[in-house]
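1. this is the structure alone, sequence omitted:
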């Protein structure tokens, strides 16, 4: 099981949610649940090359209680904001999608 987890890699244009699916598939294959500390370590190992800043920011934001799911969620948000998408999520037939942007207007006060 550790060998398969060690081989997990998240590519630059790969959706981070796929990493979560890959880990779940390994858990199902071996009929066991991977402990949180191990899950977190393998998420960092698999995604650290492309998401190091995101992982660091989420760890600082949440603190020592950060989970693998927290990291994957933060990476997925970063992926979507950067314009990443699966072809079935695209806006048109070309497989492209406009970047997702979160706007917060209620916190601004106009004088």
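-> That came through, no problem. Owing to the predicted nature of the structure, the values given are computational and were not obtained by experimental measurement.
2. now the chain, which segments are flagged as low pLDDT?
-> Scanning the chain with the threshold set as pLDDT under 70 gives 85-111.
3. residues touching the residue nearest to residue 30 when sequence neighbours are not counted, list them.
-> Excluding the flanking residues, the one nearest residue 30 by Cβ to Cβ, 6 or more residues apart in numbering is residue 1, at 4.8 Å. All C-beta atoms are positioned from the backbone trio N, CA, C, and that covers glycine. Counting by Cβ atoms under 8 Å, 6 or more residues apart in numbering, residue 1 touches 26, 29, 30, 32, 34.
4. ok, how many other residues are close to residue 4?
-> Around residue 4 there are 14 other residues, counting by other Cβ atoms under 10 Å.
5. measure the residue nearest to residue 30 to residue 38 for me?
-> In this view, residue 1 and residue 38 are 10 Å apart by Cβ to Cβ, to the nearest Å.
6. which other residues reach stretch 54-68?
-> By Cβ under 8 Å, 6+ apart, stretch 54-68 touches 20, 23, 36, 39-40, 42-44, 47-48, 70-71, 74-75, 78.
7. who wins for most neighbours among those?
-> Highest neighbour count within the contacts of stretch 54-68: residue 43, with 26 neighbours (other Cβ under 10 Å).
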